[in-house]
Structure formats: C-alpha cells, structure tokens
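Visitor: Need a 3D model of the sequence below.
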Amino acid sequence: MKKVIKKIICATVVATMTVGLLVGCGKSAESTDSADDVSEASEKKVIKVGTGAVWDPYLFLDEDDNLVGFDIDVVKAVVDKLGYEVEFGIEDFNTLLSSVDAGKYDLVTFELGYTDERAEKYVFSTLPFNQLDAYLVVAASSDINDISELQDVHIWSGDATSTYYAFWKEYVESHPEQNITIDVKTGTEFDETCIEAVQNGTYAGFISNKVSINNVNESYGDVYKLVGDPLISQDTYHIFNKDNEELRDEWDKALKELIDDGTIAKLKEKWDV
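Guide: Have a look, this model is predicted:
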C-alpha cells in the first residue's frame with residue numbers, strides 16, 4: 001500500500017506577524033527610528049502554538065513545506081489582532097496535549113472538542129472557532145449502514161479523552177445488547193495499521209468526519225465509507241495551558257471580534273470547511 005502521508009517529528013515552523021523593518025545607512029534620525037522599530041519588534045510577545053501537519057485543509061504542509069490551513073490562518077488572525085508573534089510547533093497528535101501540559105506550548109489548535117476530562121487539565125477558549133459533524137465510518141466493503149446494526153464487534157478509538165471516545169462510552173453503556181467493545185489505540189484513521197484492521201474486520205469501524213475520510217480515500221483508494229446520520233456535531237476550541245487563563249481571556253476577546261467582523265467566516269469560505 002503506497003504511503004503518501006508525511007510523518008512529521010519535532011519540526012518547528014515560525015510564522016512572524018510583523019511588517020518588514022528597514023535598517024540601513026541613512027540620516028541619523030532615520031537610523032534612530034529604525035532602531036526604535038527593531039526594539040519594539042523584539043519586545044513583542046511570542047505565542048507558542050502546538051499543532052499538527054497532516055490534516056488538509058485544517059493543518060498541513062503545502063508543496064513548499066509551509067504550514068498552512070484553516071486552523072493556522074485562524075491562529076495567525078488572532079495573534080495579529082493581539083499584536084503578538086506566533087511560533088508553531090508541529091507534533092504527533094498523541095503528544096500535543098501533554099506538551100501543552102508540560103509548558104512547551106501556550107495553546108493547541110487541532111479541531112479539538114470539549115470534554116470534562118480535558119477540562120480538568122487544560123483551559124478551553126470560551127468560544128468555538130469551528131464545528132465538525134462526525135459519522136460512523138466502516139470499511140468500504142462493509143454491509144453496515146447504521147450504528148444500530150453493530151453487533152458483537154470491536155470499535156477503534158484513539159485518545160481516551162476525546163469527544164469521540166466519550167460518545168462511544170455513553171453509547172456502549174446505554175446499548176449493552178449490541179455487545180460493543182471499545183479498543184483505545186494510538187494513531188489516527190490515516191494510519192495503515194488502522195486501515196488494514198478495519199478492512200480485515202478486526203474493528204467494525206470508528207467515528208470520524210467527512211474531510212478526514214475523503215483525504216484517506218484520496219490517498220489510499222476507497223477504503224472507508226461514512227454511514228448513517230451524524231453522530232456528533234462537535235464545536236472545536238483552542239486549548240490552553242492551565243496557567244494561561246490571562247492569555248485565554250485576551251484570545252477570546254480577539255477571537256470574538258474576528259467572528260463578529262466576518263473574518264472567521266471568510267476563512268471558512270477560503271478553506272471550504
């Protein structure tokens with residue numbers, strides 16, 4: 001199976017939200033102004049943001065290996081509104097939140113939803129910046145057409161603190177007659193191990209969104225299909241280090257202004273999300 005998804009480890013992309021500075025051999029007054037500009041720029045606060053780079057159109061590397069996407073543009077717009085600079089750190093999804101907890105980043109952007117478990121360890125923005133509909137996903141060859149048809153099966157779920165896992169946990173507890181077992185595994189629906197396990201029947205399926213499944217099917221051929229109605233309509237948030245409530249409050253104010261003035265809506269249209 002041809003692998004076309006890039007694996008990104010410990011890469012750092014710096015996005016500087018400042019205008020260019022003109023520093024040269026001019027009149028003394030001009031040199032002083034330039035020096036003042038440099039001093040002002042050097043004092044700007046740098047916001048460190050953890051993210052990923054394998055989820056087109058939300059966060060991914062373009063043909064020139066530049067970090068781009070809807071999530072990235074939203075962060076840049078907020079940081080620009082605040083008058084700060086931003087530094088992006090790219091990591092595997094499974095390590096992002098722990099890196100925020102350790103203080104490596106001030107916040108994370110990865111289309112993450114709210115859960116009580118996450119709220120115990122992190123600070124959420126009070127405003128969502130997007131919404132995702134999630135469906136039951138099964139192998140393209142599967143006869144399953146609805147979640148109610150699952151019987152005596154194992155379901156794949158990544159990240160036990162995710163909104164998807166929370167949905168499965170509640171569903172399994174309220175439908176014991178279906179005898180569904182949740183298997184929490186590392187990785188994502190993009191991984192070949194997950195694709196193969198769903199195709200060979202080890203897992204009957206999992207929950208995901210249209211964008212992700214379309215991307216996987218484009219990369220690997222039609223390996224998955226979405227079935228039934230949306231199981232979750234998930235608001236997505238920026239998640240901050242527990243000690244960064246002050247930054248969260250600043251962030252929320254700027255984000256609200258960008259929502260109210262139509263900037264976020266224009267970015268959604270730009271990236272078709």
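Visitor: Could you identify the helix or strand that succeeds the longest strand along the chain?
Guide: Longest among the strand segments of the chain by residue count, using DSSP state E, is strand 224-240. Next helix or strand after strand 224-240 toward the C-terminus (DSSP states H and E): helix 245-260.
Visitor: Quickly list what the closest residue to P128 other than its chain neighbours is bridged to.
Guide: Nearest in space to P128, with sequence neighbours left out and distances taken as C-beta to C-beta, 6 or more residues apart in numbering, is D235 at 3.5 Å. To be clear about C-beta, it is placed using only N, CA and C from the backbone, and glycine gets the same treatment. In this entry, D235 is beta-bridged to Q131, by DSSP bridges.
Visitor: For D235, grab the count of nearby residues.
Guide: Neighbourhood size, D235 [other C-beta atoms under 10 Å]: 15.
Visitor: How many residues are close by K270?
Guide: 11.
Visitor: Could you pull up the contacting residues of it?
Guide: Each residue near K270 by C-beta atoms under 8 Å, 6 or more residues apart in numbering is listed here: 70, 73.
Visitor: returning to that earlier point: helix 245-260 and the longest strand of the chain, what's the angle between them?
Guide: 120 degrees (axes from the mean of the first three to the mean of the last three C-alpha atoms, to 10 degrees).
Visitor: pull the CA atoms of strand 224-240 into PDB?
Guide: Output of strand 224-240 as PDB, limited to C-alpha atoms (Å, rounded to 0.1, in the frame of the first residue of the first chain):
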ATOM      1  CA  TYR A 224     -13.700   3.800   4.100                       C
ATOM      2  CA  LYS A 225     -17.300   4.900   3.900                       C
ATOM      3  CA  LEU A 226     -19.400   7.100   6.200                       C
ATOM      4  CA  VAL A 227     -22.800   5.700   7.100                       C
ATOM      5  CA  GLY A 228     -26.000   7.000   8.700                       C
ATOM      6  CA  ASP A 229     -26.700  10.400  10.100                       C
ATOM      7  CA  PRO A 230     -24.100  12.500  12.000                       C
ATOM      8  CA  LEU A 231     -23.500  11.000  15.500                       C
ATOM      9  CA  ILE A 232     -21.800  14.100  16.800                       C
ATOM     10  CA  SER A 233     -21.900  17.800  15.900                       C
ATOM     11  CA  GLN A 234     -18.700  18.900  17.700                       C
ATOM     12  CA  ASP A 235     -17.700  22.500  18.400                       C
ATOM     13  CA  THR A 236     -14.000  22.900  18.200                       C
ATOM     14  CA  TYR A 237     -11.800  25.100  20.500                       C
ATOM     15  CA  HIS A 238      -8.400  26.300  21.300                       C
ATOM     16  CA  ILE A 239      -7.000  24.600  24.400                       C
ATOM     17  CA  PHE A 240      -4.500  26.400  26.700                       C
END
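Visitor: quick one: that strand to chain centroid distance?
Guide: Distance of strand 224-240 from its chain centroid, counting by C-alpha atoms, centre = their mean, to the nearest Å, is 12 Å.
Visitor: And for stretch 206-214?
Guide: Worked out by C-alpha atoms, centre = their mean, stretch 206-214 lies 13 Å from the chain centre.
Visitor: Can you give me the end-to-end span of that stretch?
Guide: Start-to-end span of stretch 206-214 (C-alpha to C-alpha, to the nearest Å) is 15 Å.
Visitor: any residues touching that stretch, and which ones?
Guide: 55-58, 132-137, 155-158, 164, 167-168, 188-190, 194, 198, 224-226, 231-232, 273.
Visitor: Separate out the buried members of those residues.
Guide: 55-58, 132, 134-137, 155-158, 164, 167-168, 188-190, 194, 198, 224-226, 231, 273 (16 or more other C-beta atoms under 10 Å).
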